[in-house]
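> just need the structure, nothing else, for what follows:
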Amino acid sequence: MKRRINFLVVLFFLFSSSVFSQNGIETLTLKESFNYGKSVAVFGGSVSVIPASDSAKILWEKYLGMTITNYGVPGAGFSSLQGKSLQQQVDEAGVFDIYILWASTNDYTNHRRVGSYTDYTEFDSYDQEKLTTQAGGINYCIKKIYEINPNAVIYFFTSSKAFNEKGAYDPFYAQGMVQYVEMQKKICELHGIPVLDQFILGGYNIYNKDLYYRDPIHMNALGYKKIGELQVSFLAFP
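Got it, this is the predicted structure:
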C-alpha cells in the first residue's frame, strides 16, 4: 500500500508540472488511459455535488473525456441512517463504465458507527442490521453495483480533511475521522478496489485551509481544482 501511495504521489507531481501547468502539454498520454472517454457515475454527499466541485469534474471531462452523472446528495453518508444514503443513490443508478464512491464527512460528523469490514458481507450472511454502519453501507454499495453491472469498474475516493475540530483533520487522533478513512481503505482492499486517499494526499492543512476551503468542511473552487488534479492523475492510471 505504501509503495502504491508513493507511486501516486510521483504521478501527481508529474501531471501537476506538465499536464496542468499553463504551458504544459495537455495531450500528454492521457488518451491512452484505459479510462479515457468512459461514462462515470458519482455517489456521495455535498462534497461531491456542490457547485464548487465542478472545478474538479471539469478536469475529468477535459483531460479524460469522461461523461459524468452525479447522484450525490447533500447530507448523505454510507450509513442507511445518514440522509439520502449512498445505498439509496446506488439503488437508483443504471449501467455505467465507472462508478465512483466519493466518501463524505457525514458519517463521522453525525457519529454513525464505523462498524467492521465484515459488515454486510458473506462473512455475516449479509446481515441487514449492519447497514446502519459506515462499513455495512460501503459493502452494500459495492455489492449492489456489481449486481447492476457485473463488468463495473469501481473506484473509491476517501473522505477529505475537515477543519471543524481536531479529530476531523488529525491523522493520529484515533477517535477522529481517520478511523472512518482507515475502514474505507480496508474494505477496498477486501474487494480489490483502487482507492484514492484524499485524507492524506489532498494536501490540505490548518495553514492553507483558508485558501482552499469556503467553510470548515467544504472546499472552494480553488480547493476542488487542487483535488481534481490529483483525481485525474488517479483516474488516468489507477
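> for residue 211, which non-adjacent residue is closest in space?
Spatially, and ignoring its direct neighbours in sequence, residue 211 is nearest to residue 222 (6.7 Å; CB to CB, 6 or more residues apart in numbering). (Each C-beta comes from the backbone N, C-alpha and C, glycine too.)
> and the pLDDT for that neighbour?
Reported pLDDT at residue 222 in the predicted model: 98.
> go ahead and confirm it touches residue 213.
No. In this structure residue 222 lies outside contact range of residue 213 using CB atoms under 8 Å: 9.5 Å.
> which of the two has more residues huddled nearby?
Neighbours of residue 222 and residue 213, each counted by other CB atoms under 10 Å, are more numerous for residue 213; the result is 19 against 13.
> neighbours of residue 92, how many?
10.
> how about the closest residue to it other than its chain neighbours, what does it touch?
The shortest distance from residue 92 to any non-neighbouring residue, by CB to CB, 6+ apart, is to residue 71 (6.5 Å). The contact partners of residue 71, taken as CB atoms under 8 Å, 6 or more residues apart in numbering, are 41-43, 89-90, 92-93.
> who are the contact partners of residue 187?
117, 135, 138-139, 142, 193.
> so what's the spatially most central residue of the chain up against?
Residue closest to the average C-alpha location in the chain (CA atoms, centre = their mean): residue 157, at 1.8 Å. Contacts were defined as CB under 8 Å, 6+ apart; by that measure residue 157 touches 44, 48, 100-103, 195-196, 198, 231.
> from these, which is closest to residue 171?
The shortest approach to residue 171 among the contacts of residue 157 belongs to residue 198, at 12.3 Å (CB to CB).
> immediately after the helix or strand where residue 183 lies, which helix or strand?
Secondary-structure element containing residue 183, defined by DSSP states H and E: helix 178-191. If you walk from helix 178-191 toward the C-terminus, the next helix or strand you reach (DSSP H and E) is strand 195-196.
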